[in-house]
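Asks: return atomic coordinates for the entry below.
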Amino acid sequence: MTTAVRLTQYAHGGGCACKIPPGELEDMVSGLLGTGPAETELLVGLDSGDDAAAVRLDGDTAILSTTDFFTPVVDDAYDWGRIAAANALSDIYAMGGTPLLAVNLLGWPRDVLPAELATEVLRGGLAVAGQAGCHLAGGHSIDDPEPKYGLAVTGTAHPDRLLRNDSAAAGLPISLTKPLGVGVLNNRHKQTGEVFANAVESMAALNRDAAAAALTAGVRAATDVTGFGLLGHLHKMARASGVTAVVSAAAVPYLDGAVAAAREGFVSGGTKRNLDWVRPHLDAGDADELTLLLLADAQTSGGLLIAGEIPGAPVIGEFVPAVPGTTVRLR
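Replies: Predicted coordinates for the structure are as follows:
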């Protein structure tokens with residue numbers, strides 16, 4: 001541990017559970033269209049709510065751009081920096097790209113928390129950027145009542161090999177590259193101070209190898225599982241692709257301790273909002289409320305959700321032809 005200060009106590013929420021609810025966000029950006037020079041082509045914008053924006057430079061290169069930041073998800077400053085950096089870089093990997101350059105985004109209550117802690121946060125971000133082979137230089141900081149940290153990231157990909165959330169097709173399996181459950185474990189950590197090393201290491205792990213394996217396998221559709229939960233991101237993917245996702249609830253993996261944490265009530269408000277948003281489009285079968293909350297659990301730096309199979313990732317279901325009114329069905 002790098003500090004005895006409980007950073008999570010300085011934030012109203014934590015990690016990607018602090019996202020604006022998905023329904024509100026979609027209403028907020030509805031009708032906002034990208035603009036730009038005629039000599040470039042916007043390949044991915046706001047239309048499907050994908051992980052990053054993509055612009056074609058030429059026949060071989062697309063530039064990807066994304067940003068992500070959030071309040072402390074763990075108390076350890078260095079670990080928070082690692083997690084926030086891995087989470088921001090994940091948007092580039094989720095689209096099949098390679099991150100090249102990132103800049104820091106830091107909000108810090110400078111009269112409340114020592115600058116040395118901010119240095120630890122930045123040091124954690126630098127460590128993970130180094131693992132990704134991504135330059136991390138400069139950025140922007142503000143004096144903020146709540147601590148916040150993340151990155152703005154630029155990457156590249158081949159324009160014809162982008163992993164998109166609108167390219168899933170009926171007949172393709174659904175694979176998940178990280179277990180669920182970091183949301184409930186982080187919420188338990190915030191409320192009790194218990195540390196869950198398995199959750200920290202899952203969140204700090206890069207999605208680089210999973211993305212590379214997906215590209216090697218010829219996958220065309222993927223997204224990462226973050227603040228809208230598995231159900232939320234599957235709903236967006238199925239809706240954008242014009243298919244229905246059928247998930248075997250029993251096949252979904254969870255981190256040790258996650259189910260118990262959910263059963264004991266450590267469920268964030270963000271998770272409950274996720275489920276409320278998806279429920280009108282969900283055929284829950286005989287799944288109980290606990291299972292639904294776990295499937296809607298707001299993840300921070302979660303794994304990739306892939307329309308296809310890659311080594312080591314469990315298959316949790318498949319995409320089928322669209323069922324009217326249903327984007328996700330549980331079995």
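Asks: what is the burial count for Ala85?
Replies: 34 (other Cβ atoms under 10 Å). Where C-beta positions appear, they are placed from N, C-alpha and C, glycine not excepted.
Asks: how long is stretch 159-173 from one end to the other?
Replies: By Cα to Cα, to the nearest Å, the extent of stretch 159-173 from end to end equals 24 Å.
Asks: quick one: mean pLDDT over stretch 117-126.
Replies: Stretch 117-126 carries an average pLDDT of 98.
Asks: could you do stretch 52-63 as well?
Replies: Stretch 52-63 comes out at a mean pLDDT of 90.
Asks: can you list the neighbours in contact with that stretch?
Replies: Contact with stretch 52-63 is made by 34, 36, 40-45, 64-66, 91-92, 94-95, 97, 153-159, 162, as judged by Cβ atoms under 8 Å, 6 or more residues apart in numbering.
Asks: just the buried subset of these, please.
Replies: 43-45, 64-66, 91-92, 94-95, 97, 153-157, 159, 162 (16 or more other Cβ atoms under 10 Å).
Asks: ok so, going back, and the contacts of stretch 52-63, which of them are in helices?
Replies: Using DSSP state H, Asp91, Ile92, Ala94 are the members of the contacts of stretch 52-63 that sit in helices.
Asks: dump those into CSV; add distance to Asp286 and pLDDT as well.
Replies: Below are those laid out as CSV (distance: Cβ to Cβ, whole Å; pLDDT from 0 to 100):
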residue, distance to Asp286, pLDDT
Asp91, 35, 94
Ile92, 39, 96
Ala94, 32, 95
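Asks: which of those lies closest to Gly270?
Replies: Taking Cβ to Cβ as the measure, Gly270 sits nearest to Asp91 out of these, at 18.4 Å.
Asks: against Gly285, how distant is that closest one?
Replies: Using Cβ to Cβ, to the nearest Å, we find Asp91 at a distance of 32 Å from Gly285.
Asks: cool, and Gln9?
Replies: Per Cβ to Cβ, Gln9 is found 39 Å from Gly285.
Asks: ok, Ala298 next?
Replies: From Ala298 to Gly285 the distance is 22 Å (Cβ to Cβ).
Asks: if I follow the layout properly, Asn198 ends up in contact with Gly257?
Replies: Yes - counting by Cβ atoms under 8 Å, Gly257 is a contact partner of Asn198 at 7.5 Å.
Asks: common neighbours of these two, please.
Replies: Leu185.
Asks: tell me who's in contact with Glu309.
Replies: Neighbouring residues of Glu309 by Cβ under 8 Å, 6+ apart: Pro173, Ser175, Ala217, Val315.
Asks: for burial, what's the neighbour tally of the first one?
Replies: Okay, so that is Pro173. Pro173: 14 surrounding residues under other Cβ under 10 Å.
Asks: what pairs with it across the strands?
Replies: Beta-bridge pairing for Pro173 (DSSP bridges): Glu318.
Asks: list the contacts of it.
Replies: Ala307, Gly308, Glu309, Val315, Gly317, Glu318.
Asks: if any of those residues are buried, put those into a PyMOL selection.
Replies: This is how PyMOL selects the buried members of the contacts of Pro173, with burial counted by 16+ other Cβ under 10 Å:
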select buried, resi 307+308+309+317+318
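Asks: figure out the helix or strand that Phe244 lives in.
Replies: Actually, residue 244 is Thr rather than Phe. Following DSSP states H and E, one finds Thr244 within strand 243-247.
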